[in-house]
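Colleague: A structural model of the following input is requested.
(one chain, ligands or ions: 1)
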Amino acid sequence: MTRPLNSADFDDDKLHEECGVFGVFGHEEAAALTALGLHALQHRGQEACGIVTHDGDSFYSKRALGLVDSTFGDAATIERLKGYTAIGHNRYATTGEGNMRNIQPFYADLSSGGFSVAHNGNLTNAHILRSELVSKGAIFQSTSDTEVILHLLALSPKKTVQERLIDALGRIEGAYSLVAIAQDQLIGVRDPYGIRPLALGKLETASGEAYTLASETCAFDIIGAEHVRDVQPGEMITIGKDGIKSDFPFSRDKSRFCIFEYVYFARPDSRMEGKSVYEMRKNIGVELAKEAPCPGADVVIPVPDSGVPSAIGYAQGSGLPFELGIIRNHYVGRTFIEPSDKIRHLGVRLKHNANRAFIEGKSIILVDDSIVRGTTSRKIVEMMRNAGAREVHMRISSPPTAHSCFYGIDTPSTEELLAHKMNVEKIARYIGADSLAYISTDGLYRAMGETGRNNDKPQYCDACFTGDYPVDLKDHENNWTGIKVTRLQERSGKTGGAKG
Ligand code: AMP
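Modeller: Numbers count the residues shown, from 1 in each chain. Prediction:
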């Protein structure tokens with residue numbers, strides 16, 4: 001079945017973003033705490049951010065392109081965001097004024113009152129729902145899949161906001177960790193698969209307890225909040241004046257947390273699902289050293305910063321010395337999310353420099369978390385050779401990234417993924433390494449404390465490595481949604497890729 005494409009199909013805006021969300025209830029400094037929380041979650045999205053607050057009466061909002069620091073760094077801005085409840089959002093997006101309309105949190109006046117929401121994840125059937133809603137007369141303000149939730153909510157015949165949200169989310173497929181404000185309450189929801197993270201924290205205040213929700217626990221640390229627990233897959237948490245209420249309106253038996261959060265995306269000082277991200281990365285390194293040793297090599301060198309914990313693990317596992325053979329300039333953003341290929345190439349050189357004294361004449365093992373397009377590895381290997389490395393061996397702390405993510409991690413279209421087009425040998429040649437090895441999928445699971453991947457009921461979402469998508473994308477093949485998602489992937493890939 002085909003359908004006419006509409007303007008949103010070709011909008012330069014991204015429909016999906018890598019994101020971080022934060023929320024706080026019951027604190028007189030709600031906006032300031034949210035700004036700090038977003039600052040700690042800056043790695044989850046650097047192009048735009050926003051905060052919406054509520055004082056029991058009105059809603060206040062500030063959303064802007066740029067880093068948290070530059071938008072919420074001044075006291076006057078924070079002061080204008082009144083109230084004891086707040087939610088915030090960090091987003092990756094392309095630059096340009098046109099993208100202002102996709103900056104979250106979103107706000108809508110519903111018949112039940114004001115509602116504001118911030119979303120981390122990626123809805124895989126948003127396009128079907130959007131088209132259905134538009135045909136019924138809905139007028140969309142943005143090109144973000146998150147707005148679909150607002151429209152479904154507005155149309156739900158149910159009475160309470162919670163019931164309406166359950167009704168709306170019941171129609172949605174894909175990944176979502178949401179924070180929302182409605183009727184003087186802070187609401188947090190995680191999709192039934194629990195693909196994206198969401199944690200609950202508590203903060204002592206002079207007048208009692210305040211509660212907070214965040215994508216990662218590093219956002220609790222920055223404000224001195226205690227990590228109470230993770231929001232469970234399929235759980236809806238409502239925090240109000242009467243305390244915390246937990247509901248499980250969705251099935252809970254299919255938990256598939258994103259394993260790539262451990263591999264790369266989350267901050268190493270965060271805890272997710274009871275596990276320290278840093279410890280998991282180190283474990284992966286130890287496992288990688290077992291699986292892919294490099295006899296005769298002199299030294300283990302991380303590709304900073306993402307390769308550092310697993311390189312430490314690799315060095316420990318192999319008994320080889322660990323040295324910072326590459327120094328990173330911290331004043332350059334993540335190379336991967338620069339807007340164009342041209343700048344990405346430039347970014348790699350801006351960002352890293354060889355620490356020559358530890359490279360010259362040596363056989364080195366470079367450890368990084370992943371190879372996506374291969375730009376980083378290629379440049380780094382060349383840089384190591386220019387610094388006099390005798391041999392350059394590359395070890396990767398994830399299996400080959402051969403499939404796009406449809407659930408909120410920024411991977412380009414499959415055609416751009418090196419591991420989709422080439423086998424390991426070819427990739428080694430492409431990046432110019434003397435040898436290349438990735439951790440196996442089972443090795444990755446062993447590092448996570450499992451005996452291996454349970455192929456009948458996988459413990460994590462590892463679709464970027466295995467192509468095994470928790471939400472069966474084949475379901476969409478006979479309608480335009482599948483085609484549309486692919487189109488968007490292709491287009492976003494060209495300009496750097498972005499998802500929620
Ligand atoms: P590439 O140069 O395209 O091969 O990108 C690989 C580098 O990007 C690795 O060093 C990773 O640390 C980093 N990376 C991998 N996945 C992502 C992602 N989803 N967002 C941002 N950076 C990433």
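Colleague: just the buried residues of the longest strand seen in the chain, please?
Modeller: Secondary structure of the chain per DSSP state E: the longest strand is strand 113-123. The neighbour-count check on strand 113-123 (16 or more other Cβ atoms under 10 Å) flags G114, F115, S116, V117, A118, H119, N120, G121, N122, L123 as buried. Where C-beta positions appear, they are placed from N, C-alpha and C, glycine not excepted.
Colleague: for those, which one is nearest the ligand?
Modeller: The ligand lies nearest to N122 out of those, by Cβ to the nearest ligand atom, at 12.3 Å.
Colleague: quick check: residues of the stretch 301-450 of the chain near the ligand?
Modeller: Neighbours of the ligand within the stretch 301-450 of the chain, by Cβ under 6 Å from any ligand atom: 303, 306, 334, 336-337, 368-377, 409-411.
Colleague: restrict the longest strand of the chain to CA atoms and write it as CSV.
Modeller: Output of strand 113-123 as CSV, limited to C-alpha atoms (Å, rounded to 0.1, in the frame of the first residue of the first chain):
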residue,chain,number,x,y,z
GLY,A,113,-5.8,20.8,32.2
GLY,A,114,-2.2,21.5,31.2
PHE,A,115,0.0,18.6,30.2
SER,A,116,3.7,18.7,29.5
VAL,A,117,5.8,15.7,28.4
ALA,A,118,9.5,14.9,27.6
HIS,A,119,10.4,11.7,25.8
ASN,A,120,13.5,9.6,25.4
GLY,A,121,13.0,6.8,22.8
ASN,A,122,11.7,6.3,19.4
LEU,A,123,8.1,5.3,18.5
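Colleague: tell me the mean pLDDT for that strand?
Modeller: Regarding strand 113-123, the rounded mean pLDDT is 95.
Colleague: strand partners (parallel or antiparallel) of that strand?
Modeller: Strands adjacent to strand 113-123 in the sheet, as given by DSSP bridges, are strand 106-110 (antiparallel), strand 174-182 (antiparallel).
Colleague: pull out the buried positions in the shortest one.
Modeller: This points to strand 106-110. Of the residues in strand 106-110, those buried by neighbour count under the rule 16+ other Cβ under 10 Å are F106, Y107, A108, L110.
Colleague: how about the longest one?
Modeller: Along strand 174-182, these residues count as buried under the neighbour rule (16+ other Cβ under 10 Å): G174, A175, Y176, S177, L178, V179, A180, I181, A182.
Colleague: picking up where we left off before, now intersect the residues of the stretch 301-450 of the chain next to the ligand with the helices, please.
Modeller: Taking DSSP state H, the ones among these that sit in helices are T375, T376, S377.
Colleague: between those, which is nearest F25?
Modeller: For F25, the closest of these turns out to be T376, at 40.4 Å, with distances computed as Cβ to Cβ.
Colleague: quick one on the thing from earlier: among the strands paired with strand 113-123, which is nearest E425?
Modeller: Of those, nearest to E425 by Cβ to Cβ is strand 174-182, at 33.7 Å.
Colleague: so which bits of the chain are right by the ligand?
Modeller: 264, 303, 306, 334, 336-337, 368-377, 409-411.
Colleague: quick one, which of those are buried?
Modeller: Buried among the residues of the chain next to the ligand (16+ other Cβ under 10 Å): 264, 303, 306, 334, 336-337, 368-377, 409-411.
Colleague: run through the chain and note the low-pLDDT ranges.
Modeller: Across the chain, residues meeting the criterion (pLDDT under 70) sit at 1-17, 93-98, 252-253, 332-349, 472-500.
Colleague: break it down into its structural domains.
Modeller: Residue ranges for the structural domains of the chain, counted by automatic domain parsing, are given in the record as 12-255, 275-458.
Colleague: the residue most distant from the middle of the protein, which is it?
Modeller: Most distant from the centre of the chain: G361, at 38.9 Å, with distances by Cα atoms, centre = their mean.
Colleague: what about the residue nearest to H403 when sequence neighbours are not counted, distance to A402?
Modeller: Once its chain neighbours are removed from consideration, H403 has its nearest residue in G467; the separation is 4.4 Å (Cβ to Cβ, 6 or more residues apart in numbering). Remark: distance between G467 and A402 (Cβ to Cβ, to the nearest Å) = 7 Å.
Colleague: so between the two, which is more surrounded?
Modeller: Neighbour count, other Cβ atoms under 10 Å: between G467 and A402, A402 has more, with 18 against 13.
Colleague: now the phi/psi pair for the more buried one, please.
Modeller: The phi/psi pair for A402 (degrees, to the nearest 10) reads phi -110, psi 0.
Colleague: narrow the buried ones among the residues of the chain next to the ligand to those in strands?
Modeller: Cross-referencing those with the strands (criterion: DSSP E) gives D368 as the overlap.
Colleague: got the contact list for the closest residue in space to E391 that isn't next to it in sequence?
Modeller: Here the nearest residue to E391 in space, its sequence neighbours aside, is S363; by Cβ to Cβ, 6+ apart that works out to 3.9 Å. Neighbour list for S363: G296, A297, D298, V299, A389, R390, E391, H393 [criterion: Cβ atoms under 8 Å, 6 or more residues apart in numbering].
Colleague: which among the ones in helices among the residues of the stretch 301-450 of the chain next to the ligand gets closest to A86?
Modeller: So of those, ranked by how close each gets to A86 (Cβ to Cβ), first place is T376, at 36.3 Å.
Colleague: next one: the closest one from I359, what distance?
Modeller: Applying Cβ to Cβ, one obtains 17 Å for the distance of T376 from I359.
Colleague: about what we covered before: now the two most distant members of the buried residues of strand 113-123.
Modeller: Spatially, the most separated pair among the buried residues of strand 113-123 is G114 and N122, at 25.7 Å (Cβ to Cβ).
Colleague: what's the burial count for the residue of the stretch 1-150 of the chain found nearest the ligand?
Modeller: Across the stretch 1-150 of the chain, no residue is closer to the ligand than E18, which sits at 6.5 Å (Cβ to the nearest ligand atom). Taking other Cβ under 10 Å as the neighbour definition, E18 ends up with a count of 28.
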